[in-house]
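Asker: need coordinates for the below:
(2 chains)
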Number of protein chains: 2
Amino acid sequence: MKNMVYIQSGGPTSVINTSLYGAIKEAKLHRDEIDHIYGSLNGIEGMIDDKLIDIDQEDDEQIELLLQTPGSILGTTRRKLPKDVHDPVYMKIVDTLKRRGIKYVFVNGGNDSMDTCNKLSNLCQELGLDVRVMGVPKTIDNDLACTDHSLGFPSAAKFVINTINALSMDACCFKVGKIHVVEIMGRNAGWLTACADILPEATRPHLIYIPENKFDLEKFLVEVKEVYDRFGYGMVCISEGIEFERSNKSSRVDGFGHAQLGGAAAGLCDIIEKRLGLPTRAVEFSLTQRACPFAISRVDREEAIETGRRAVKAALAGETGKMIIFKRVSQSPYKIEYQLADVSLVANAESVIKPSMMVDNTRMSQEFKDYIAPLIEGEVELKTKGGIVLMANWKKVLVK
Amino acid sequence: MKNMVYIQSGGPTSVINTSLYGAIKEAKLHRDEIDHIYGSLNGIEGMIDDKLIDIDQEDDEQIELLLQTPGSILGTTRRKLPKDVHDPVYMKIVDTLKRRGIKYVFVNGGNDSMDTCNKLSNLCQELGLDVRVMGVPKTIDNDLACTDHSLGFPSAAKFVINTINALSMDACCFKVGKIHVVEIMGRNAGWLTACADILPEATRPHLIYIPENKFDLEKFLVEVKEVYDRFGYGMVCISEGIEFERSNKSSRVDGFGHAQLGGAAAGLCDIIEKRLGLPTRAVEFSLTQRACPFAISRVDREEAIETGRRAVKAALAGETGKMIIFKRVSQSPYKIEYQLADVSLVANAESVIKPSMMVDNTRMSQEFKDYIAPLIEGEVELKTKGGIVLMANWKKVLVK
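Answerer: Numbers count the residues shown, from 1 in each chain, chains lettered A, B, ... in the order given. I've put the predicted structure just below:
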């Protein structure tokens, strides 16, 4: 038996299931080399607990709906594997690999997940197992190293840009305006927050604060006041990762050991009201920015499908311990080349915004705008019923 | 001179400018009866301060973009007119009416704005002015009396339904799930929150709490725990208007004297964590639910255009002190009749969900689902450039 297993890991994106779609489509073209297509239930957990979903039992129609279904259809986890590859958990994974005749493993995730991918690949080689482990890049944070951008980021960026565009029209129309502080995801990288700066003058944020720049609360208050005095309202975008003293900072951490973020906008609004006496509104895009199917970028969808396909092809060609990366070879017309990078180079590294992409601490440069613009191009058609976007509803039959 | 002025009032919706579009289109067909088309800057404030926008100076293309532009293009206000019609502010409005030769006034707003509409109509009649005042219904809260539903509600409902649909796919996919508490607008009416209950089993909220039912915190905690024990996560929708003891309740009020809501989800998440020890995520849809152009319902758009047109026609036919209302005459196929109601009947009244539309305190009945379903039907095409929805960018030339 030569089977494949697909693992979705970490936080979902609106195209995470689209890469899976591409991988399934490609795998089905190679039935001579791949007997069964499995999915690991809840990320690496399914490999540890031997809980595999038999993807071959899902109908074609349900496979097609992956293209517009957010969340991780196979389930996900934030569990990080232990550093020590002699930890018993690894032997459980190896048991599953052997028991299920798995030759091809695909790990779809962000930098932490590429760490999982790296460890798994090394272990299989050490043990002399004929198992190939391929990484499929994914994160709305766009902080994956070695690649021009990550799958999921373009659609999240498109959501952020279009939603700020709309909120600006709402924010500016009141006689007595407010300072709107909008909190956007991205952890230590400001990509998703900064992208709103590509909007036209009339609707782009007045101020943008990203973690790449040290956050100075006093400077922030001066800049906010200037904006309010000038426009009578304000649209301020902040990245969840900026650091300041919060009264209500959450002390919870996720499975990867990262603090659960959020609450920065509310915290800054409190400070603005107390210190400047200005009316405020805190807005957190929260899960909507990574789940909204309305903002899927056509570029993101096409690249996600192609990446899933290429990961399968690379594994069949004998590659292991590699992640598919994008190299931008032309800006206009936008064109990327798909390449492979060692997951060890990607694992636990972080890509953040370069200084040349900023004009100052609150504005982005033309280089940044040129980088973002092609990624959000093009709309996709969504299958709906009665005005509701159809979602995949899988049987998820476990392999006995 | 026989001029018209259009007033946008209160909180915007994603189709508030669409009614204006309909009114402009109709007015332009009656150039023999309407000389100039004006808009009042910032709601009733423009009438008080004699600040009128000359809409005839806007290009056709900019008029067309109203169909997909959220916010109030003319500006809005939450100012409530004084009870006493002898207050000097009314004479300022009358001065503007006379100075600008205005014969037709259109007030587009919710129940508070219909109060403005009512006072203005009465005053004009008392003073023997040949001025006709017409109301155009608008509110995402759907709490306007006398009408089947309000413009803006269907699109906001479509946003809420589709976003909960997507968030449910995200929420359910983690090995260790959270209780998601999603806060939805609606003031004292639960329409917008409850509509998520029409989703299919797989993605509809587990629990819905609306202000029509007394909120019992202890019962809520029992119900939340049951859901978590059963599913390993939870999707809970709450209306911003439900009442419970909040540590961080805002004491701010808007111009209409209403408390500024928000923060209920965060407050309940705090309580769930402390009392039940369960992980949570608070999500507030905030302004996005009333501004998102991606979720505009075709029904809402068509009705908004037609309502704007009919308001103009009714005023030309001599009506005053009336609001356009919708009467649903057929459920399948969905069909409404446009009628007129006295604004005095609409002003300051509130329409909330009837007991027959609920199964119990957390679920809605078939009657409710049948009511909502046709409103969210149909998609609209949006004009975009480079992946960004185009927004109207008016010159807003003030009348000299």
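
Asker: which residues pair with the nearest residue to A:Cys117 once chain neighbours are set aside across the strands?
Answerer: In space, and not counting its chain neighbours, A:Cys117 is closest to A:Val107: 4.0 Å by CB to CB, 6 or more residues apart in numbering or on different chains. C-betas here are computed from N, CA, C, even on glycine. In this structure, A:Val107 bridges to A:Ile7, A:Gly135 when assessed by DSSP bridges.

Asker: what number of residues lie near A:Val107?
Answerer: Number of residues near A:Val107 (other CB atoms under 10 Å in any protein chain shown) recorded here: 30.

Asker: also A:Lys313?
Answerer: 18.

Asker: next: A:Glu381.
Answerer: Neighbours of A:Glu381 (other CB under 10 Å): 10.

Asker: how about the spatially most central residue of chain A, secondary structure?
Answerer: Centroid-nearest residue in chain A, with CA atoms, centre = their mean: A:Thr139, separated by 2.0 Å. Three-state call for A:Thr139 (DSSP: H, G, I helix; E, B strand; the rest coil): coil.

Asker: what do you get for the one 10 residues further on?
Answerer: In the three-state summary, A:His149 is assigned as coil, counting by three-state DSSP.

Asker: tell me the buried residues in the helix or strand bottoming out on mean pLDDT in chain A?
Answerer: Ranking every helix and strand in chain A by mean pLDDT, DSSP states H and E puts helix A:111-126 at the bottom, with a mean of 89. Of all the residues in helix A:111-126, those buried under the rule 16 or more other CB atoms under 10 Å in any protein chain shown are A:111-124.

Asker: would you mark the buried spots in the strand or helix carrying A:Val329?
Answerer: Per DSSP states H and E, A:Val329 falls inside strand A:322-331. Residues of strand A:322-331 classed as buried: A:322-326 (neighbour count, 16+ other CB under 10 Å).

Asker: and of those, the nearest to chain B?
Answerer: A:Phe326 (17.8 Å; CB to the nearest CB).

Asker: ok, that closest one - contacts?
Answerer: A:137, A:147-149, A:303, A:336-339 (CB atoms under 8 Å, 6 or more residues apart in numbering or on different chains).

Asker: which of those residues count as buried?
Answerer: Counted by 16+ other CB under 10 Å, those give A:137, A:147-149, A:303, A:336, A:338 as buried.

Asker: let's have these in JSON lines, adding pLDDT and distance to B:Val299.
Answerer: Output for these, formatted as JSON lines (pLDDT from 0 to 100; distance: CB to CB, whole Å):
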{"residue": "A:Pro137", "pLDDT": "94", "distance to B:Val299": "40"}
{"residue": "A:Thr147", "pLDDT": "96", "distance to B:Val299": "43"}
{"residue": "A:Asp148", "pLDDT": "97", "distance to B:Val299": "42"}
{"residue": "A:His149", "pLDDT": "97", "distance to B:Val299": "38"}
{"residue": "A:Glu303", "pLDDT": "98", "distance to B:Val299": "35"}
{"residue": "A:Ile336", "pLDDT": "98", "distance to B:Val299": "40"}
{"residue": "A:Tyr338", "pLDDT": "98", "distance to B:Val299": "43"}
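
Asker: take the residues you listed and lay them out in CSV including distance to chain B.
Answerer: Output for the buried ones among the contacts of A:Phe326, formatted as CSV (distance: CB to the nearest CB, whole Å):
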residue, distance to chain B
A:Pro137, 19
A:Thr147, 20
A:Asp148, 17
A:His149, 14
A:Glu303, 14
A:Ile336, 17
A:Tyr338, 22
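
Asker: host element of A:Asn188?
Answerer: Judged by DSSP H and E, A:Asn188 forms part of no helix or strand.

Asker: for A:Pro355, see how far away it is.
Answerer: Note on A:Asn188: its distance to A:Pro355, by CB to CB, to the nearest Å, is 16 Å.

Asker: one more: A:Pro279?
Answerer: 35 Å.

Asker: what does A:Lys322 give?
Answerer: 30 Å.

Asker: count the neighbours of A:Arg31 for me.
Answerer: Close neighbours of A:Arg31, defined as other CB under 10 Å, add up to 9.

Asker: next one: A:Arg281
Answerer: Residues near A:Arg281, counting by other CB under 10 Å, number 21.

Asker: over to A:Phe231?
Answerer: 13.

Asker: first to last residue in stretch A:333-350, what's the distance?
Answerer: End-to-end span of stretch A:333-350 (CA to CA, to the nearest Å): 28 Å.

Asker: distance from the chain centre to that stretch, please.
Answerer: Relative to its parent chain, stretch A:333-350 has a centroid offset of 15 Å by CA atoms, centre = their mean, to the nearest Å.

Asker: what's in contact with that stretch?
Answerer: With CB under 8 Å, 6+ apart as the test, stretch A:333-350 has contacts from A:111-112, A:114-115, A:117-118, A:121, A:133, A:135, A:137, A:143-148, A:188-189, A:299, A:303, A:306-307, A:310, A:314, A:319, A:321-329, A:374, A:377.

Asker: give the buried residues for that stretch.
Answerer: Quick answer for stretch A:333-350 (16+ other CB under 10 Å): A:336, A:338, A:340-341, A:343-344, A:346-347.
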